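Trainee: sequence unknown, structure follows:
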């Protein structure tokens, strides 16, 4: 029977459609991504039979990407973990025994108590992967359950995803700012206060593919339809770069220099907003002095971007009414990640593109419901225990609480050396660090096997679990868990509507383990009680999970120009939440901590400039972590639909140089440097620089044997065989994931006898 | 030509090649690996004499496309239209679509 569109897509949270129950919810993770798109689950008899985008979600307006459209394939995949497993062979043998949740809890309790007693609680590290619906749960378990201050990313060198940008901007702006695509208004582009940015400067990300940080890349396309023009800074000609007014094809890792060059143009040609700078910023004279060290000629030489392009793009951006910056991961992934972020954010700041409609606008968690990595840190740990956090002794930003995680490289060093104290247990929840995230995957492989006890919680049996876990626990996927999202706005709920075997939600797992270990810190009965406790910590949110569940999304009115209204500072004064009350172009805190208070450029540790001799042997600059539409990091490799689109790992190489080297489209090749090698298939790109190789990350092969030496082939195509740990900036942040060096040669039968997984697991490594 | 024939209008200026339409279609028609109800083709990137780049994607319906007859009968939009992340696929009568085509450069129209 024909119904109207409004009858089919209703605004209540649940209704009946024939024999199907329709539930409006939000898909966050797992399987993951950083967004929280609205979708409709059509269920029957504890089974999701169909998924559609929710047209009534202002966030994604009914649209979905290929991963959500293919979600049912993941929910029902035969390889999913179904119940707790205990290791019965050696680590790496992939031999397991099914046990009950109670037995699993007994094993955890016994091991944790023993390690706490023998080595102290700080010997236990809680770890997660990138920020998804797991940001606050494992921190809470680590602090309140294990009693340890060591929660962090699983070996993400230099914590170099989002955190460097977040830490810098917290210190100098006092808040976090994002590109305004109207996403915080329920009526979106029609909002009367909203203004379409004239120019968006897209820096170090391809938002169409990456959708990072609660930002849907296709919002940019909606703005392009409404007149927005683009400047794209990227070594790769992305589709957006192909549509841009200016594509600045920089040398990987020289972002800070390019930013300083653009600042030089904007300041010297008086293109900045003098009124804003005078009234609201601190340290402009010092900044102007600093950019004199970066004349455009010199910057062109460093970055490979022609001088005229730098000048024209800087003018084009500064004269926009207004401009906005959409920055991304690659800003973080150099040793100079923090100063690069500083230079880029300063371009927008001196143009006055701050917190006005269509610019970079400040945003906090919805209703200030804090759901960060710091959840429970101060409440449940003594100052003495907090002082033991790994990395704090070296890095003042960490010590001052700017970044609420243990420094990943310091955790690795502690595992390897026992200094400053031994690490004896890892709790790794929905993270697969030897497949991706951690640099120098073979080094991590060794380190994670040195502990007394490891637990891995995940959706599937992963290479990391096989390599190091003593216990593997099955986590529920998104429609199997109650949860919420306060990463920016709106506040969103996700509802448990089906149960898969014995899987439990991340909240349930953390709660049950916590109750065993420290019942006084975990007084809640259910996951919903725990969620309501998180809500109760907000001063402004007065509702509970059940109410939110029925609303699905809850928008607060967004206020622009908060610095004029006294809405940013804790004392209610106008200005910014910084020591000077101004937006600090010169960071007073960095100066106090002995760090350079102004943006600067530093060569990557390996580059044609810093290591000319080594670069003769390894003539290409290698970037890793190239995003694909089909996969979220190491996820989705099991799914036949995703592998139909993208069967094998790919690296980009310039078409001409490939031809000169006899490399054709699809050829398997080795990428190699002093640290290791991996093989991927060549994709010929006519627009890529002749000197750059762009490799994918996260590859493992669930179709291969899980036990060693194969270990799902996790090292065979792993671009993190070529990256290194412990090469961070002076803040502790930043790592050269996207700017090391390599050579390339065709894979032959002869040079492929010993595949990297065999070399790493059986022959002691490269 | 009958005035109530239906088709799709695609704005390839803004098609990003995200493949959502292909997966949506595979799920709707329950297609096996190797079969497609519509397929996204890529042209470029290719450098033009003026220094700009030609770089386009274009979804092309196959003979398996039935314009989501079942969905449309229920009052829904075809699934590729509903889910297109760039919002570049429209469904309507050829008359309606050709009017829109007249107003927007870089579009193509498919009839069934």
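Mentor: Nice, thanks for sending it over. Because the structure is a prediction, the values reported are computed rather than measured. Numbers count the residues shown, from 1 in each chain, chains lettered A, B, ... in the order given.

Trainee: residue A:612: neighbour count?
Mentor: Other residues near residue A:612 number 9, with proximity taken as other Cβ atoms under 10 Å in any protein chain shown. Backbone N, C-alpha and C define where each C-beta goes, glycine included.

Trainee: my error: substitute residue A:336 in the last question.
Mentor: Residue neighbour count, defined by other Cβ under 10 Å, stands at 27 for residue A:336.

Trainee: contact partners for it?
Mentor: The neighbourhood of residue A:336, defined by Cβ atoms under 8 Å, 6 or more residues apart in numbering or on different chains, consists of A:253, A:255, A:256, A:600, A:601, A:602, A:729, A:734.

Trainee: what's the pLDDT at it?
Mentor: Here, the pLDDT recorded for residue A:336 equals 93.

Trainee: before we move on, back to that, make a markdown table out of the contacts of residue A:336 and add neighbour count.
Mentor: A markdown table is the format used below for the contacts of residue A:336 (neighbours: other Cβ atoms under 10 Å in any protein chain shown):
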| residue | neighbour count |
| --- | --- |
| A:253 | 32 |
| A:255 | 30 |
| A:256 | 28 |
| A:600 | 18 |
| A:601 | 24 |
| A:602 | 20 |
| A:729 | 23 |
| A:734 | 29 |
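
Trainee: helix or strand for residue A:289, which one?
Mentor: Here residue A:289, judged by DSSP states H and E, is contained in helix A:284-291.

Trainee: contacts for that helix, please.
Mentor: Helix A:284-291 has contacts (Cβ under 8 Å, 6+ apart) with A:260, A:263-264, A:267-268, A:277-278, A:346, A:350, A:585-586, A:597-600.

Trainee: out of the residues you listed, who's the most crowded?
Mentor: Highest neighbour count within the contacts of helix A:284-291, by other Cβ under 10 Å: residue A:260, with 32 neighbours.

Trainee: could you find the closest non-adjacent residue to that residue?
Mentor: Leaving out its chain neighbours, the residue that sits closest to residue A:260 by Cβ to Cβ, 6 or more residues apart in numbering or on different chains is residue A:294, at 3.9 Å.

Trainee: and what of residue A:606?
Mentor: Computed as Cβ to Cβ, 6+ apart, the closest residue to residue A:606 that is not its neighbour in sequence is residue A:741, at 4.6 Å.

Trainee: got a list of what the residue in chain B positioned nearest to chain A touches?
Mentor: In chain B, the residue that lies nearest chain A is residue B:55 (3.6 Å; Cβ to the nearest Cβ). Residue B:55 sits next to A:237, A:239, A:242, A:243, B:43, B:44, B:45, B:46 when contact means Cβ under 8 Å, 6+ apart.

Trainee: got it, and residue A:135?
Mentor: Neighbouring residues of residue A:135 by Cβ under 8 Å, 6+ apart: A:128, A:371, A:372, A:373, A:375, A:487.

Trainee: one more pass at 7 Å, please.
Mentor: Residue A:135 sits next to A:371, A:372, A:373 when contact means Cβ atoms under 7 Å, 6 or more residues apart in numbering or on different chains.

Trainee: what about residue B:17, distance to residue B:57?
Mentor: Distance of residue B:17 to residue B:57, given as Cβ to Cβ, to the nearest Å: 3 Å.

Trainee: could you do residue B:105 as well?
Mentor: Distance from residue B:105 to residue B:57, counting by Cβ to Cβ: 16 Å.

Trainee: hmm, back to that, secondary structure class for the residue of chain B closest to chain A?
Mentor: strand (DSSP: H, G, I helix; E, B strand; the rest coil).

Trainee: got the phi/psi numbers for residue A:427?
Mentor: Dihedral angles phi and psi of residue A:427 (degrees, to the nearest 10) take the values phi -110, psi 100.

Trainee: to what extent is residue 17 buried, counted in neighbours?
Mentor: Using chain A here. Summarising burial for residue A:17: neighbours were counted as other Cβ under 10 Å, giving 14.

Trainee: my question was about chain B
Mentor: Number of residues near residue B:17 (other Cβ under 10 Å) recorded here: 19.

Trainee: so it makes contact with residue B:40?
Mentor: Yes - taking Cβ atoms under 7 Å as the contact criterion, residue B:17 and residue B:40 are neighbours in contact, 5.8 Å apart.

Trainee: what touches both of the two?
Mentor: Counting by Cβ under 7 Å, 6+ apart, the contacts common to residue B:17 and residue B:40 are residue B:57.

Trainee: without its sequence neighbours, what residue ends up closest to residue A:366?
Mentor: The shortest distance from residue A:366 to any non-neighbouring residue, by Cβ to Cβ, 6+ apart, is to residue A:491 (3.8 Å).

Trainee: so what does the one you found have for phi and psi?
Mentor: The phi/psi pair for residue A:491 (degrees, to the nearest 10) is phi -70, psi 130.

Trainee: contact partners for it?
Mentor: Contact partners of residue A:491, counting by Cβ under 7 Å, 6+ apart, are A:366, A:367, A:484, A:548, A:554.
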